[in-house]
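Asker: coordinates for the following, if possible.
(one chain, ligands or ions: 3)
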Amino acid sequence: MVTTHNLGFPRIGKNRELKFALENYWKKSISEKDLYKSASELRRQHWSDQSKLDWLPAGDFSLYDHVLDTSFLLGNIPGRVCSRSGDRLDYYFRAARGRGVTDTASDYSINACEMTKWFDTNYHYIVPEFDKNTAFSLQAGQLIEQINEARAQGFKVKPVVLGPVTYLWLGKSKDGSNKLALLDNLVSVYAELLSTLERIGCEWVQIDEPVLVLELDQDWQHALRKAYYQLQSIPVKLMLATYFGELLNNLQLTCELPVNGLHIDAVTATDEVAKVIDWLPNHKVLSLGIINGRNVWKADLYRLLEWLEPIHSALQDRLWLAPSCSLLHIPVDLESEAALDSEIRSWLAFAIQKLDEIDILAKALNHGRSSVSSQLEENSIALNSRRQSARVHLSAVKARINKIDDKTAVRKSPYRERAIQQRSKIKLPFFPTTTIGSFPQTQKIRQARLDLRQSRLSEKEYRTLMQQEIETCVREQEALGLDVLVHGEPERNDMVEYFGEQLAGYAFTQFGWVQSYGSRCVKPPIIYGDVAHTHAISTEWIQYAQSLTSKPVKGMLTGPVTMLNWSFVRDDQSREQTCLQLALAVRDEVLALEKAGIGIIQIDEAALREGLPLRKSQWKSYLDWAVRAFRIAASGVQDTTQIHTHMCYSEFNDIIVAIAEMDADVITIENSRSGMELLSAFDQFLYPNEIGPGVYDIHSPNIPSVDSIIELMQKAAQRIPIDRLWVNPDCGLKTRSWDEVRPALRNMVAASRHLASHFKTFRVS
Ligand SMILES: CN1c2c(nc(N)[nH]c2=O)NC[C@@H]1CNc1ccc(C(=O)N[C@@H](CCC(=O)N[C@@H](CCC(=O)N[C@@H](CCC(=O)O)C(=O)O)C(=O)O)C(=O)O)cc1
Ligand SMILES: N[C@@H](CCS)C(=O)O
Ligand SMILES: [Zn+2]
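Answerer: Ligands and ions are numbered 1, 2, ... in the order given. Take a look at the predicted model:
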């Protein structure tokens, strides 16, 4: 008999219940008890949603982030978060976001832990902190409570824990000491944890080691061997879970680790399955992650069965089935999407529907295809409809792609010549100030959008309200004395979803929320067909902003690579092809803005670096097509039009050549948290174009001082010629309040004026 299980379920809730509970708790409008009650109700719902499976996950739920939970489970809590009064939940939220609910304004000096991207997903985790004195101690109370909670509700669960080696890998050594020196102590705490789980009657424990899909050197491979050889004496069955890629040179090691079961991502590593079966000792269970946990498409169940039946015959009871990875990265339930076009809807599967697919496959294997014939038939009809739909393929788009040549991706003149023309057209002082685009997305703005959606506001009323917001934003920027203004992006729900909603080939959902970090969610739009630009999207708003001021207003667009990386993309053609289509669509929008008289256009590529493949060996091929896509989007304009790009979460050192090849006239980057260290990459490479290194961290509510900004810019000026430097925040200001934005930008402008006062009034080439 095939066994079914799940690796993890979305925590945020079908209607983002967790988000609202958390934010209400932080606002003190609900109590700690209420927050725990909401969390417990969500867990009950989620186990019930998964109850068709043989083994459900426990411990995958988190109030903020599962890596931060692991730090707390292991007693690795940064000293600074416990240095003030408060309970464990206060410590937890101080680590996550710099403040606990009992903190008052005078306490807001604790630095939150860093946050970074979880492997190659759009989920962000809280980075564990280590130093040479880090000592771990088991604090498993919450995990045990959740296991008992599930059992009391009649669910059969397997606890999910992040493995020791991945935990170490994901963390940061604050004093430069070797993280691997902590392994022995860490593994002894894991041994205690597994013994505890065994003692409370757990049969299986899922232990996640996604580092096994990365390029590991000998030390890390050795750490894996050492850890699992030490843990093998604990009499609980371990299901070692790997996901997000192929094992490649870690395959032999993975198969040999002394565990009872191995889960592999059979979606990204389909071609490795035969080899894994060959290498895996025959006392071990093999869990195949056959349903894609990263996309929203229905699986081809007939094709999967053709492939699985002989595997099942060979492995028999040793075969388990699961999604490829935790379902954290996809929305909860397609049933909520009543407004979605019914044809497109029939092609989709969200978390709950993906688990149905696992169930159907398991029944077909265990009891024969006839036991699920109607479900298989339904699946086949949906897949045929998608394959044959006239809405997916647009011949005009394909013809345009075929016409792309080298000239499409090259500006008319090189940067040096463009800069001369741009400077004679756009008069800017030294150290010109600007922002990254978004200004506070206030409750009022979001409420207006909700009112529009629910027909309490007409289109016209909504437009008027957004114009008022734009006017306020322009006046604020004028009063602050910024040099290049923006319209503030009030009309955008999200930088990707907004454009997706208006391009052909995209569908969007009402409730397809996916957790991005903590309580923050995104609703990735779905690319189901050939992408095309059908009408100007941003011109009306930007032109309106420009009509209000004599200062230049920068037009703001999301670039093709970011559109791709933060959308759910089609699986019936390569990502590169889809990206090229997006590039042409963005190019059309750039040209529409230029035609509307906008002389500075920013094409955000926040996710270009984020989209790098997990393995370095695959970087070049990705960067080649990603950079080309950006250039296609940017290169249609005249030399006098200044193209900016922006990237956040950016470690540029290893991709600086590709960044330079994008050939944007100006790049703004996140930089302040590294104290301008990131600039060393630009320095070493002698980056030829203009740069705005972020001068303050927009994730923090703290106001940067004039001196701190001057100091950062002086550091920047040691590396970059001053006539190529801009002054701006690290990223957009949408998550901040006006009370935070105003003083921060005031100081930023004052710092720029101070620096510029040492030089001539206007830059000349
Ligand atoms: C730069 N980042 C982005 C990433 N991915 C994206 N797709 N977009 C990004 O900007 N990845 C990396 C980072 C992640 N950072 C963030 C930062 C902030 C958010 C965020 O604030 N998300 C919002 C949801 C945004 C949104 O789409 N809002 C809609 C709906 C608003 C809403 O919920 N309305 C309520 C009623 C009104 C209210 O009470 O406020 C409702 O409908 O019930 C909109 O503006 O219309 C969030 O709240 O989580 C995400 C990623
Ligand atoms: N223009 C966007 C970029 C975010 S990465 C913003 O300002 O929010
Ligand atoms: Zn950004």
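Asker: what sits against residue 678?
Answerer: Shown here is residue 678, whose contacts under the criterion Cβ atoms under 8 Å, 6 or more residues apart in numbering are 650, 651, 652, 653, 669, 670, 671, 693. In this view, the C-beta of every residue, glycine as well, is placed from N, C-alpha and C.
Asker: look up how far ligand 2 lies from it.
Answerer: Residue 678 sits 16 Å away from ligand 2, going by Cβ to the nearest ligand atom, to the nearest Å.
Asker: residues from the stretch 501-650 of the chain in reach of ligand 3?
Answerer: For the stretch 501-650 of the chain, the residues in contact with ligand 3 (Cβ under 5 Å from the ion) are 606, 648.
Asker: show me where the stretch 501-650 of the chain has strands.
Answerer: Using DSSP state E, counting those that start in this stretch, the strands found in the stretch 501-650 of the chain span residues 503-507, 514-517, 520-522, 526-533, 554-558, 600-604, 642-647.
Asker: find the closest residue to ligand 1 in the stretch 1-150 of the chain.
Answerer: Nearest residue of the stretch 1-150 of the chain to ligand 1: residue 122, at 5.1 Å (Cβ to the nearest ligand atom).
Asker: for residue 349, see how far away that residue is.
Answerer: When Cβ to Cβ, to the nearest Å is applied, the distance between residue 122 and residue 349 equals 19 Å.
Asker: next one: residue 628
Answerer: Distance, residue 628 to residue 349, using Cβ to Cβ: 33 Å.
Asker: repeat that for residue 426.
Answerer: 49 Å.
Asker: out of these two, which sits in the busier spot?
Answerer: Using other Cβ atoms under 10 Å as the criterion, residue 426 and residue 349 rank with residue 349 on top: 21 against 17.
Asker: who are the packing partners of the lowest-mean-pLDDT helix or strand in the chain?
Answerer: Within the chain, judged by mean pLDDT, DSSP states H and E, the helix or strand with the poorest mean is helix 679-685; its value is a mean of 74. Contacts of helix 679-685 with other secondary structure elements, assessed using 3 or more Cβ pairs under 8 Å, 6 or more residues apart in numbering; DSSP states H and E, are made with helix 656-661, strand 690-693, helix 706-719.
Asker: can you give me the buried ones in the longest one?
Answerer: It stands for helix 706-719. 706, 708, 709, 710, 712, 713, 715, 716, 719 (16 or more other Cβ atoms under 10 Å).
Asker: and if you look at the shortest one?
Answerer: Under the neighbour-count criterion of 16+ other Cβ under 10 Å, strand 690-693 has 690, 691, 692, 693 buried.
Asker: let me know the closest of those to ligand 2.
Answerer: Within the set of the buried residues of strand 690-693, residue 692 lies nearest ligand 2; the separation is 12.6 Å, counting by Cβ to the nearest ligand atom.
Asker: mind checking how far that closest one is from ligand 1?
Answerer: Taking Cβ to the nearest ligand atom as the criterion, residue 692 is separated from ligand 1 by 17 Å.
Asker: show me what contacts that residue?
Answerer: Residues counted as contacts of residue 692 (Cβ under 8 Å, 6+ apart) are 434, 666, 667, 668, 669, 725, 726, 727, 728.
Asker: repeat that with 7 Å
Answerer: With contacts defined as Cβ atoms under 7 Å, 6 or more residues apart in numbering, residue 692 is in contact with 434, 666, 668, 726, 727, 728.
Asker: what are the neighbouring residues in contact with the last one?
Answerer: Translated: residue 728. 433, 434, 435, 436, 668, 692, 694, 695.
Asker: from those residues, which land in strands?
Answerer: If you go by DSSP state E, those have 668, 692 in strands.
Asker: so which of the contacts of residue 728 also contact ligand 2?
Answerer: The overlap between those and the neighbourhood of ligand 2 (criterion: Cβ under 6 Å from any ligand atom) consists of residue 436.
Asker: from the contacts of residue 728, which is closest to ligand 2?
Answerer: Proximity of the contacts of residue 728 to ligand 2, judged by Cβ to the nearest ligand atom, is greatest for residue 436, which lies at 4.0 Å.
Asker: surely that closest one meets residue 732?
Answerer: Yes. Residue 436 is in contact with residue 732 according to Cβ atoms under 7 Å; the separation is 4.6 Å.
Asker: so between the two, which is more surrounded?
Answerer: Per other Cβ under 10 Å, whichever of residue 436 and residue 732 has more neighbours is residue 436, with 28 against 24.
Asker: centre-most residue in the chain?
Answerer: residue 122 (1.5 Å; Cα atoms, centre = their mean).
Asker: what does the stretch 601-750 of the chain have sitting close to ligand 1?
Answerer: The stretch 601-750 of the chain has residues 606, 735 near ligand 1, with proximity defined as Cβ under 6 Å from any ligand atom.
Asker: please repeat the previous calculation with a cut-off of 8 Å.
Answerer: By the criterion of Cβ under 8 Å from any ligand atom, the positions of the stretch 601-750 of the chain lying close to ligand 1 are 606, 607, 610, 648, 649, 731, 732, 734, 735.
Asker: make a PyMOL selection of the buried ones in the residues you listed.
Answerer: Here is the PyMOL selection string for the buried members of those, based on 16+ other Cβ under 10 Å:
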select buried, resi 606+607+610+648+649+731+732+734
